[in-house]
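Undergrad: fold the stuff below for me.
(one chain, ligands or ions: 1)
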Amino acid sequence: MAPKVILLFSGKRKCGKDFITDNLKLRLDNVCEIIKISQPIKSHWAKEKNLNLNELLSDSEYKERYRLDMIKWSDEMREKDYGCFCKAACKNAADKPIWIVSDIRRKTDVQWFKENYGPIVKTIRLVADEETRIERGFQFKNGVDDITSECGLDDYNEWDLIIDNGKDRESLDTQLNNIMTVIGTL
Ligand SMILES: Nc1ncnc2c1ncn2[C@@H]1O[C@H](COP(=O)(O)OP(=O)(O)OP(=O)(O)O)[C@@H](O)[C@H]1O
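TA: Below is the predicted model of the structure:
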């Protein structure tokens, strides 16, 4: 069974992608699956370099140590096939009516999903003011926050929904209700 809706989430570091998508998953219970494009990148990289995958997946210093190398390597892979990681992530996804892709970063990610799944693909941008992001632990890093993997969708303007998750945000309940409207009736 193919998914009926695919939600692609994007947003800057510490805007709350994991927070919102984890809460959405709680609300949707077992009709959804969270997909991370970074998962196949990290598992391939871990295997290749003999690294600890769990540490690489968690928010640790360990991950930061390999971040730049991973970005460089994955960019080279994308040059050969821009959909390679989207494809790998979807191949491992469970058979659920709603897929939540929590870490879309590039226009080619959106392109790949739209080409392969059509109008069931909906895009959601999370935004948060910098002060709030800093409170959550964001620190600007040259070579990380100023390159495509963080800025590739800054000028994308066809979002189905933009959610403020900064200091002026609405309640979590309202944020999730707005997402439910995008999902519509299955
Ligand atoms: N609406 C919110 N209310 C309370 N806490 C929040 C909210 N949004 C995010 N947070 C908290 O802010 C921190 C960063 O959020 P989260 O990890 O979801 O961001 P992210 O966008 O996934 O970050 P990264 O890109 O670095 O993975 C977490 O500790 C999270 O619990």
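Undergrad: residues contacting whichever residue of the chain sits closest to the ligand?
TA: The ligand sits closest to Gly16 of the chain, with a gap of 3.0 Å, by C-beta to the nearest ligand atom. Just so you know, the C-beta spots here come from the backbone N, C-alpha and C atoms, and that holds for glycine as well. Neighbouring residues of Gly16 by C-beta atoms under 8 Å, 6 or more residues apart in numbering: Leu126, Ala128, Arg136, Asn165.
Undergrad: same question for Leu8.
TA: Leu8 is in contact with Val101, Ile104, Asp109, Val110, Phe113, Val121, Lys122, Thr123, Ile124, counting by C-beta under 8 Å, 6+ apart.
Undergrad: hang on, the last one in a strand?
TA: In this case it means Ile124. Yes: according to DSSP: H, G, I helix; E, B strand; the rest coil, Ile124 belongs to a strand.
Undergrad: just to revisit the earlier point, and the residue of the chain closest to the ligand, how far from Val127?
TA: Gly16 is 10 Å from Val127, where distance means C-beta to C-beta, to the nearest Å.
Undergrad: check Ala2 too.
TA: Distance of Ala2 to Val127, given as C-beta to C-beta: 30 Å.
Undergrad: hey, what's in contact with both of Gly16 and Val127?
TA: Joint contacts of Gly16 and Val127 (C-beta under 8 Å, 6+ apart) are Asn165.
Undergrad: no further questions, thank you.
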